[in-house]
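Peer 1: Sequence plus the predicted model coming up.
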Amino acid sequence: MGNYNVYLPSYSVGAGCYKEIPNVARRLGNKAIVIGGRTAIDKAKQALLDGISGSDMKIIDFIVYGDDSTYENVDKLVSDERVRNADIIFGVGGGRAVDTCKVVADKLDKPLFTFPTLGSNCAAVTAICVMYNEDHTFKDYYYLDKPADHTFIDTQIIAESPEDLFWAGIGDALSKECEAVYSSQGVNLDHTPLMGVGISKVCTEPLIKYGKKALEDCKNNTESEELKQVVLDIIISTGLVSNLTTTENDYYYNSSLAHAFYNGSTLVEGARGLHGEVVSFGVLTLLTCAGEIQKRNEIAAFNKELGLPVCLADLGIDKSGIPTIVDKAVTLVEWNAIKDRVTKDMFAKAISDCDDYGMTLK
């Protein structure tokens, strides 16, 4: 494989951690531009201003990124003089806002700090960006050489985020272990992906152990140790797995059938559900396809306890949508690592069988 580079995320975590911004930024510049979602900026603005108070750092402006992680939004931001004149980009918000900022920073070759305001995904610390078409259907992945220079995870801000997005984040994180293990099955892994798959095996337990309490705390806008543990699992643990198991050309074990199910579902008319919500049902289909029925049933019971989907109807899909999902799945990078042992028919049957089982839980 020759020489290669591995860049791992660095992060600050806890209520009030934005006060660390000046120290982390001291060698990178003192002019920042904040780009993010409208609601996220509203939530984080004062904390950001308080965080740099008393230092020589200044924020040039606050810019709403758009409404999705599209190349069209990236191009608008890249051409914005306020962005071009900044030393550092602050990416604030959820996955799509942060992914947009990651591409902008890469194209402009600027340092990037990320500030996740939701405990919904690992985008803040990963070196891959999920890009969409302007009609919000999946387009492709944009690969980076490294993750953000630093990530600031204020758990009080996340505790005050919409509970449904935190709930969906739990669903998304449920996929990391089963997807990394399944996609790399039977492969003689080199050091880096081997570490990634190893870390994936500690991603499920904290969700099961702390997830219910953490979700209740989020509903009550209460920062707690349980919430922190789940947030770290969703953002950091799964993000480490992503960075260690993802390359553009050499290997990709970061995701598999659970995300293939999600991406395929975006083409099904009438389908609904947040990203992690849909992925959590994809987890059940993967485990069904893998023949891990006991584990599937355990995760299904957890899904039911938290109100996550257990059958297609929970997502506005019926069995007639399965061919659309499968046809899209086989065109995705998620399919490459498993294409020699999984067929379209096997995946379609797993979705159908999983749906049948889920209906028995209703």
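Peer 2: Structure's in. What do you need? Fair warning: this is a prediction, and the values are worked out from it, not measured in the lab.
Peer 1: Can you get me the start-to-end distance on stretch 313-320?
Peer 2: 11 Å (Cα to Cα, to the nearest Å).
Peer 1: By mean pLDDT, which helix or strand of the chain comes out lowest?
Peer 2: strand 138-143 (a mean of 90; mean pLDDT, DSSP states H and E).
Peer 1: Any buried residues in that strand, and which?
Peer 2: 138, 139, 141, 142 (16 or more other Cβ atoms under 10 Å). Every C-beta, even on glycine, is put in place using the N, C-alpha and C of the backbone.
Peer 1: what sits against the third one?
Peer 2: Meaning residue 141. Taking Cβ atoms under 8 Å, 6 or more residues apart in numbering as the criterion, residue 141 is in contact with 128, 129, 130, 131, 333.
Peer 1: ok so, going back, from the buried residues of strand 138-143, which is closest to residue 211?
Peer 2: residue 138 (26.7 Å; Cβ to Cβ).
Peer 1: The nearest residue to that closest one once chain neighbours are set aside in helix, strand or coil?
Peer 2: Nearest non-adjacent residue to residue 138, counting by Cβ to Cβ, 6 or more residues apart in numbering: residue 263, 4.7 Å away. Classification of residue 263 by DSSP: H, G, I helix; E, B strand; the rest coil places it in helix.
Peer 1: got a pLDDT number for residue 263?
Peer 2: Note for residue 263: predicted pLDDT of 93.
Peer 1: Contact partners for residue 130?
Peer 2: Neighbours of residue 130 in contact, by Cβ under 8 Å, 6+ apart: 69, 95, 96, 99, 123, 138, 141.
Peer 1: Can you tell me which one of those sits lowest on pLDDT?
Peer 2: The minimum pLDDT among these falls on residue 138, with 83.
Peer 1: For it, list each beta-bridge partner.
Peer 2: residue 132 (DSSP bridges).
Peer 1: Identify the residues contacting it.
Peer 2: Counted by Cβ under 8 Å, 6+ apart, residue 138 has contacts 130, 132, 263, 266.
Peer 1: Residue 208 too?
Peer 2: Residue 208 neighbours (Cβ under 8 Å, 6+ apart): residue 302.
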